[in-house]
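Student: I need the structure of the sequence given here:
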Amino acid sequence: MLQLQLQLQCPVCAHPLGNLAAAFDDAGLTCEECKFALMSDKGIWKALRPCRYAYFEKFIEDYETVRASEGRGSALPEYYLALPYQDLTGRNEWQWQIRARSFECLEEQFLLGMEAQHPEGLDILDIGAGNGWMSYRLAQTRHRPVAVDLLINDADGLGAARHFRKAVPGLFPRVQAEMDVLPFVDGQFDLAIFNASFHYSEDYERTLREALRCVRVGGYVAVVDSPFYYDCASGVRMVAEKHRQFESRFGFRSDSIHSREFLYPELLDKLAAACGLRWQTLKPSYGLRWNLRPLKARLFGKREPSRFYIFAAQKVQK
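Tutor: Below you'll find the predicted structure:
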């Protein structure tokens, strides 16, 4: 596997910072223009702008509270090494089954075609990497992933990726950053994957354009495991239901940032037109019971259930 020569830029002023390989954990990289210091914290590079720590503080606090209550994470490395195909805790099996089917679909219907053109492996940006499970799986198949997330805790955030060190010698770069301000020089990646994360964006077009900036011409972006509804009204109802449930259970609505939280056809069409894209839609199979959910919802007069399709598009111009 070839080594990824990751070129960084300042998240504050976009001035080039240099190659990550040239940085040292105790020294980091300092911007010559604005003096922002990109530093490492236990192997995680902190590229979140100072003003944004306060902005995301409540979102991160709420998110970690919810995830902890759901029993995310484990003290055992075996738990992480089994993901996404097994949840050894048994606490979130249904969600990991969705993640596993989505990842299999991504591999079989999309990555295989790209791999044929890049036998040396792909440079992949894993946006919303969480504990790093997708980067771990990609690194095992000769690719060169970079894991990006806001969360860095040791149970469910980028800190948990330490459990992959034995399986992935040297691990993969881990970067704390927001989706709209990625600290990478233009055109370095063959593929940017929004890993169950795109629906957290506050501005879909801005977020998509930022990922496209980081991708080479001819490369791709892929939106994986974001809730999709054919009817926008069903998505609106889902969000309202979710906020009510969170308020009842946790005492907060989990709406400290203004995310749309779902996708629908007209929105995807608008994004494609604005960014010069043509979406390719992949539909993972989650089994008969899952496929019957829309019919069951209609029979009982309920809103349309969410679907988890994969939307991929090629970058054809700068």
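Student: Would you indicate which residues of the host helix or strand of residue 68 are buried?
Tutor: Element membership for residue 68 (DSSP states H and E) is helix 50-69. For helix 50-69, the neighbour count (16 or more other Cβ atoms under 10 Å) marks 56, 59, 60, 62, 63, 64, 67 as buried. To be clear about C-beta, it is placed using only N, CA and C from the backbone, and glycine gets the same treatment.
Student: and if you look at stretch 108-119?
Tutor: For stretch 108-119, by 16+ other Cβ under 10 Å, it's 110, 111, 114, 115.
Student: Would you mind measuring the gap between the ends of it?
Tutor: Start and end residues of stretch 108-119 are separated by 15 Å (Cα to Cα, to the nearest Å).
Student: before we move on, back to that, go through the buried residues of stretch 108-119 and flag which are in helices.
Tutor: If you go by DSSP state H, the buried residues of stretch 108-119 have 114, 115 in helices.
Student: May I see the buried residues of stretch 108-119 organised as CSV, with distance to residue 198 and pLDDT added?
Tutor: Below are the buried residues of stretch 108-119 laid out as CSV (distance: Cβ to Cβ, whole Å; pLDDT from 0 to 100):
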residue, distance to residue 198, pLDDT
110, 16, 97
111, 18, 97
114, 19, 96
115, 23, 95
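Student: Which two of the buried residues of stretch 108-119 have the greatest separation?
Tutor: 110 and 115 (9.7 Å; Cβ to Cβ).
Student: Overlap of the contact sets of the two?
Tutor: The contact sets of residue 110 and residue 115 do not overlap (Cβ atoms under 8 Å, 6 or more residues apart in numbering).
Student: Contacts for the following helix or strand past the helix holding residue 68, please.
Tutor: Using DSSP H and E, the next helix or strand after helix 50-69 towards the C-terminus is helix 77-81. For helix 77-81, contacts defined as Cβ under 8 Å, 6+ apart pick out 73-74, 87-89, 131-133, 136, 160-161, 163-164, 166-167.
Student: which residues sit against whatever helix or strand comes next after helix 77-81?
Tutor: Later in the chain than helix 77-81, the nearest helix or strand by DSSP H and E is helix 93-106. Contacts to helix 93-106, defined as Cβ under 8 Å, 6+ apart, come from residues 83-87, 133-134, 137, 193, 196, 222, 224-225, 282-286, 308, 310.
Student: May I see the PyMOL selection of the buried members of those residues?
Tutor: Per 16+ other Cβ under 10 Å, the buried members of the contacts of helix 93-106 correspond to this PyMOL selection:
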select buried, resi 83+84+87+133+134+137+193+196+222+224+225+282+284+286+308+310
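Student: quick one: which of the contacts of helix 93-106 sit in helices?
Tutor: Using DSSP H, the contacts of helix 93-106 in helices are 133, 134, 137.
Student: Relative to residue 187, which of these is nearest.
Tutor: Nearest to residue 187 among the ones in helices among the contacts of helix 93-106, counting by Cβ to Cβ, is residue 134 at 22.0 Å.
Student: Am I right that that closest one is in contact with residue 191?
Tutor: No: using Cβ atoms under 8 Å as the test, residue 134 is too far from residue 191 to be in contact (11.5 Å).
Student: Please, where are all the helices along the stretch 151-300 of the chain?
Tutor: Secondary structure of the stretch 151-300 of the chain by DSSP state H, counting those that start in this stretch: the helices cover 204-214, 232-250, 265-275, 288-291, 293-299.
Student: name the helices or strands packed onto the second one?
Tutor: Okay, so that is helix 232-250. helix 50-69 (3 or more Cβ pairs under 8 Å, 6 or more residues apart in numbering; DSSP states H and E).
Student: export the helix it packs on as PDB, just CAs?
Tutor: Listed next in PDB are the C-alpha coordinates belonging to helix 50-69 (Å, rounded to 0.1, in the frame of the first residue of the first chain):
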ATOM      1  CA  PRO A  50     -11.100  28.100  18.100                       C
ATOM      2  CA  CYS A  51     -14.300  30.000  17.600                       C
ATOM      3  CA  ARG A  52     -16.100  26.800  16.600                       C
ATOM      4  CA  TYR A  53     -15.300  24.900  19.700                       C
ATOM      5  CA  ALA A  54     -17.900  27.000  21.600                       C
ATOM      6  CA  TYR A  55     -20.400  26.700  18.800                       C
ATOM      7  CA  PHE A  56     -20.300  22.900  18.700                       C
ATOM      8  CA  GLU A  57     -19.900  22.400  22.500                       C
ATOM      9  CA  LYS A  58     -23.600  21.800  23.100                       C
ATOM     10  CA  PHE A  59     -24.100  19.600  20.000                       C
ATOM     11  CA  ILE A  60     -21.100  17.400  21.100                       C
ATOM     12  CA  GLU A  61     -22.400  17.300  24.700                       C
ATOM     13  CA  ASP A  62     -25.900  16.200  23.600                       C
ATOM     14  CA  TYR A  63     -24.600  13.800  21.000                       C
ATOM     15  CA  GLU A  64     -22.300  12.000  23.500                       C
ATOM     16  CA  THR A  65     -25.000  11.900  26.100                       C
ATOM     17  CA  VAL A  66     -27.400  10.100  23.700                       C
ATOM     18  CA  ARG A  67     -24.700   7.800  22.400                       C
ATOM     19  CA  ALA A  68     -23.600   6.800  25.900                       C
ATOM     20  CA  SER A  69     -27.200   6.000  26.900                       C
END
